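In: below is the sequence, then the predicted model.
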Amino acid sequence: MPVSDRLARLLRRARQEPDLVLGLVLLAFVLVVVAFPGLFTGHSPLTVNVDKALEAPSSAHLFGTDDVGRDVLARVVHGARITLSICASALVLAAVIGGALGLFSGFVGGRIDMLLGRLVDVILSFPPIIFGVMVTGILGPKTLNLVFALTVVYVPLFFRIARSGAMSEAGMTYVEAARSLGLSQSRILLRHVVRNVLPIVLVQCMVLFPLVLQIQAALGFLGLGVQPPTPDWGAILQQGKDYILLAPWMSAFPGLAILITALALTLVGRGLQRRMDRR
């Protein structure tokens, strides 16, 4: 296909789904910030300079400084990698664990399905933020504990998504044909059912990522996430709450970073979900 035809095709798609294009642009920008923080600031996120505490945004410090003179831009930029890596790690673990359990439960059925389903219902009876606070409160405010808490919170959602997909696939003609050929249950599940359910789980990862980010930031704001002085968007918000009137930039810029990232992920996730629904 000629390059001009490809460009015309891309432009047509962009006009049809401007929200998806905007989401991809914003997400690309966030990924560049995560991968190359040095492009956006030359300051260290940990360097303390009390003489420059609570300075308003200026050419020297574009996002101003915090209560101990640290550059807010540097903390927001470097905090992006920490915050999003925590969210991504928890989401991948939740998708793997919940997806595997859901596939097995939905395909096999019986008492195992009933037992796992009741266990998931118990977890889902708690609001995500309350359950996250409970888990991190018991285990302690550490990064690994935060990842574990977020994983436990979102395993039930992936379990239900994968279980629903596996139950739908279990009644398909190709599954009956595979059984008639003598293939074992495990082989049918791993070689056929997983392949058809996996795209649904991957799209849900993108859809649920903004929710994981919000819970992670909320736990950080409550002091149950990454501990100071490590930069993290939720922790930066928590540090700025006492200076919201005196130095609003301490909370405004990390809040804006969370908003932009959540918006980008939501737009991309919804766009991918629409495409899958059409297919």
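Out: Thanks, I have the structure now. Just so we're clear, the structure is a prediction, and the values are computed from it rather than from any experiment.

In: from H43, how far off is A264?
Out: 25 Å (CB to CB, to the nearest Å). C-beta coordinates here come from the backbone N, C-alpha and C atoms, glycine included.

In: to clarify, my last question referred to I161.
Out: 42 Å.

In: go on, D232?
Out: 17 Å.

In: who's more crowded, the two?
Out: Using other CB atoms under 10 Å, the more surrounded residue of D232 and H43 is D232, with 29 against 20.

In: I figured that one hits G79, correct?
Out: Yes: taking CB atoms under 8 Å as the definition, D232 is a contact partner of G79 at 5.1 Å.

In: what are the ranges of the helices in the stretch 101-250 of the chain?
Out: In the stretch 101-250 of the chain, the segments counted as helices under DSSP state H, counting those that start in this stretch are 110-124, 128-139, 143-170, 173-180, 185-188, 194-221, 233-240, 249-278.

In: now do the first one: everything it contacts.
Out: What that stands for is helix 110-124. Residues from elsewhere that reach helix 110-124 (CB atoms under 8 Å, 6 or more residues apart in numbering): 101, 104-106, 131, 152-153, 155-156, 159-160, 163.

In: and that helix, what's buried?
Out: 113, 116-117, 120, 123 (16 or more other CB atoms under 10 Å).

In: grab the nearest non-local neighbour of the spatially most central residue of the chain.
Out: Central residue of the chain (CA atoms, centre = their mean): F209, 2.7 Å from the mean position. Using CB to CB, 6 or more residues apart in numbering and skipping the chain neighbours, the partner closest in space to F209 is L265 (4.6 Å).

In: compute the number of surrounding residues for that neighbour.
Out: Counted with other CB under 10 Å, residues neighbouring L265 total 25.

In: ok, of the contacts of helix 110-124, which one's closest to S58?
Out: For the contacts of helix 110-124, the closest approach to S58 (CB to CB) belongs to V153, at 40.4 Å.

In: ok, the closest one - contacts?
Out: Here V153 is in contact with 94, 123, 128, 131-132, 135, 215 (criterion: CB under 8 Å, 6+ apart).

In: now do the helix or strand containing F29: which elements does it pack against?
Out: F29 is part of helix 18-35 when elements are defined by DSSP states H and E. In terms of contacts (3 or more CB pairs under 8 Å, 6 or more residues apart in numbering; DSSP states H and E), helix 18-35 is packed against helix 72-108, helix 249-278.

In: could I get the ones you listed as JSON lines with mean pLDDT?
Out: Putting these into JSON lines (pLDDT from 0 to 100) gives the following:
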{"stretch": "helix 72-108", "mean pLDDT": "93"}
{"stretch": "helix 249-278", "mean pLDDT": "89"}
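
In: can you redo these as TSV with distance to A170?
Out: TSV is the format used below for the helices and strands packed on helix 18-35 (distance: least, CB to CB, whole Å):
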stretch	distance to A170
helix 72-108	5
helix 249-278	20
